[in-house]
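> Okay, predicted coordinates and the sequence, questions at the end:
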Amino acid sequence: MNDTAHALGASATLWELIERRAALTPDTPVLIQSAPDPADDRRLTFGELRTRGERVAAGLYDMGVRPGTVVAWQLPTRIETALLSFALARIGAVQSPVIPFYRDREVGFALRESKAEFFATPGVWRGFDHTEMARRLGARGVFEAYDELPDGDPSVLPPPPSDGTSVRWIYWTSGTTSDPKGVLHTDRSLIAGGSCLAHALHLSSADVGSMAFPFAHIAGPDYTVMLLLYGFPAVMFEQFALPDALDGYRRHGVTVAGGSTAFYSMFLTEQRKAPEEKLIPTLRLLAGGGAPKPPEIYHSVVREMGCQLTHGYGMTEVPMITMGAPDDTSENLATTEGRPPEGMEIRITDADGKQLPYGVDGEVRLRGEAVCQGYLDPVQSAAAFDDDGFLVTGDLGHVRETGHLVLTGRAKDIIIRKGENISAKEIEDLLHAHPAVGDAAVVGLPDPERGERVCAVVVQRDGTEPLTLEAMASHLRAEGLSTYKLPEQLELVDALPRNDTLRKVLKYKLRERYSA
């Protein structure tokens with residue numbers, strides 16, 4: 001990390017980081033909104049992020065938002081979303097971002113658990129009325145924040161927060177239970193995560209990044225911190241789809257793209273349509289994480305797209321744990337998750353918490369400034385950390401003597417599809433409500449494009465019509481399951497494999513059977 005970025009990384013709060021960057025390069029773009037029609041493209045500079053952010057903060061203050069007020073928002077990847085988020089950071093509110101694709105079940109749970117006093121929605125977005133859903137759920141303080149934001153006189157604002165270690169962020173993740181978990185972050189933990197990412201990728205002010213993922217994801221602040229540290233812009237895609245988005249990448253000279261394994265596969269698919277021409281002429285790096293990466297994906301990207309690929313390991317609880325460095329060896333980049341930055345401790349342990357030597361598989365545990373403060377649920381928080389203050393991830397792997405982390409599995413029964421965690425139990429519970437389902441198990445199967453695909457294995461009730469994939473999906477939608485969680489595969493069986501003691505379903509046998 002260069003000297004300027006290192007100095008900025010010492011900022012106590014996100015708003016302090018914005019002020020310091022705006023003072024250095026006020027006229028440099030930080031966000032570029034890519035639109036289908038180039039005439040509709042928009043830009044926001046670092047200086048405008050500060051000045052407009054303060055006006056939005058004043059408008060929110062006039063509405064009654066105060067330091068510590070919990071404000072939930074479910075908004076797409078837009079300049080206005082970033083302005084709203086940083087305006088809340090200016091006030092010192094507690095904000096709870098919600099992924100735009102979530103529906104009644106997840107949104108209702110997040111609103112109830114966070115006790116949100118305000119809820120910002122995009123109104124009708126992509127054919128779905130988020131405001132109507134909010135009112136149906138009994139949300140408080142509902143307001144729309146798609147293209148118009150609250151506005152006010154910054155003179156009414158109290159001084160910006162100076163404490164970066166108070167919990168001001170509640171992010172939502174799915175674990176091994178059917179309900180999401182509220183993950184507690186501070187400004188400092190998010191700055192630490194973004195600093196780790198920036199340090200690993202070796203970026204500079206000459207780069208142009210891209211955000212094709214939901215800004216409400218933990219990657220939103222992670223990526224934005226990187227922009228603030230290095231002073232370069234990122235292109236935002238409100239609706240990402242290839243090949244439509246390619247014009248935006250080319251038009252704005254994107255040098256760094258990515259997201260997760262699914263993104264790598266989509267770019268490769270487009271590259272193969274015209275192998276003689278580089279898909280994005282300015283692209284030099286694909287980077288991402290959030291899902292398993294087959295080594296062949298790495299080699300295909302380097303060979304066919306003519307750019308480097310670095311993959312990392314992160315989670316909602318710790319947005320950046322390890323990352324491949326562009327100047328690492330191809331073997332390490334293809335087969336590991338990279339190395340942790342300075343300040344991130346990785347401990348591999350056995351089931352009893354005893355530290356294991358290099359090269360021996362065990363449970364991955366983490367300690368460092370980027371680690372969350374715990375969960376909204378104090379019981380979950382108590383179980384999340386060991387006696388030495390390490391976060392117990394439930395992921396399995398080992399560390400090489402070079403410091404590179406290799407993940408080999410997950411103790412948690414979750415499925416990671418396109419970088420998003422999906423709870424198998426949530427789907428199983430809803431499947432059991434179907435009149436034709438006698439028994440069900442949901443597993444994740446390896447998928448070269450999605451990282452994993454969702455497979456439902458069902459035992460039908462006697463005398464019922466054979467269940468189809470379409471009928472199952474219709475039932476799950478009616479039960480309120482988000483579309484991105486719907487199984488892509490259905491297998492009908494006479495019985496599920498179970499052990500002889502507690503009669504637990506042996507999911508590894510299902511994975512072995514259907515992975516082929």
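Yes, it's here.
> Tell me where the stretch 351-500 of the chain is predicted with low confidence.
Across the stretch 351-500 of the chain, the ranges flagged by pLDDT under 70 are 409-413, 499-500.
> all helices for it, in order.
378-384, 424-431, 469-478 (DSSP state H, counting those that start in this stretch).
> remind me which residues of this structure are low pLDDT?
Using pLDDT under 70, the chain drops low at 1, 174-178, 292, 409-413, 499-504.
> quick one, domains of it?
Using automatic domain parsing, the domain parsing of the chain gives 1-195, 414-514.
> if we can go back for a sec, I'd like the helices of the stretch 351-500 of the chain as CSV, with mean neighbour count and distance to Glu270 appended.
No exception for glycine: its C-beta is placed from N, CA and C like everyone else's. Converted to CSV, those look like this (neighbours: other CB atoms under 10 Å; distance: least, CB to CB, whole Å):
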stretch, mean neighbour count, distance to Glu270
helix 378-384, 13, 40
helix 424-431, 21, 31
helix 469-478, 15, 28
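> Dump these into a markdown table; add distance to Pro487 as well.
Formatted as a markdown table, these follow (distance: least, CB to CB, whole Å):
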| stretch | distance to Pro487 |
| --- | --- |
| helix 378-384 | 27 |
| helix 424-431 | 7 |
| helix 469-478 | 7 |
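> circling back to that earlier point, which stretch among the domains of the chain is buried most, on average?
domain 1-195 (a mean of 19; mean count of other CB atoms under 10 Å).
> looking at the chain, which residue ends up farthest from its center?
Gly463 (43.2 Å; CA atoms, centre = their mean).
> can you pull the contacts of it?
Gly463 sits next to no residue when contact means CB atoms under 8 Å, 6 or more residues apart in numbering.
> how close does it get to Asp494?
15 Å (CB to CB, to the nearest Å).
> Could you pull up the residues touching Ile321?
Cys196, Gly312, Tyr313, Gly314, Met315, Glu337, Pro340, Met344, Ile346, Leu366, Ala370, Leu405.
> so how far is Pro233 from it?
26 Å.
> now the residue sitting nearest the centre point of the chain, what's its secondary structure?
Geometric centre of the chain, nearest residue: His217, 3.9 Å, by CA atoms, centre = their mean. Here His217 is coil, with the state taken from DSSP: H, G, I helix; E, B strand; the rest coil.
> Now the closest residue to it other than its chain neighbours: phi and psi?
Spatial nearest neighbour of His217, chain neighbours left out: Ile99 (6.6 Å); criterion: CB to CB, 6 or more residues apart in numbering. When read as degrees, to the nearest 10, the backbone of Ile99 gives phi -60, psi 130.
> Was I right to think Ile99 contacts Gln74?
Yes. With contact defined as CB atoms under 8 Å, Ile99 counts as touching Gln74 (7.4 Å).
> Could you name every residue contacting both of the two?
Ala216.
> got the contact list for the helix or strand harbouring Thr131?
According to DSSP states H and E, Thr131 maps onto helix 130-136. Residues outside helix 130-136 that contact it (CB under 8 Å, 6+ apart) are Gln74, Pro100, Arg103, Asp104, Val107, Phe119, Thr121, Pro122, Gly123, Val124, Val142, Glu144.
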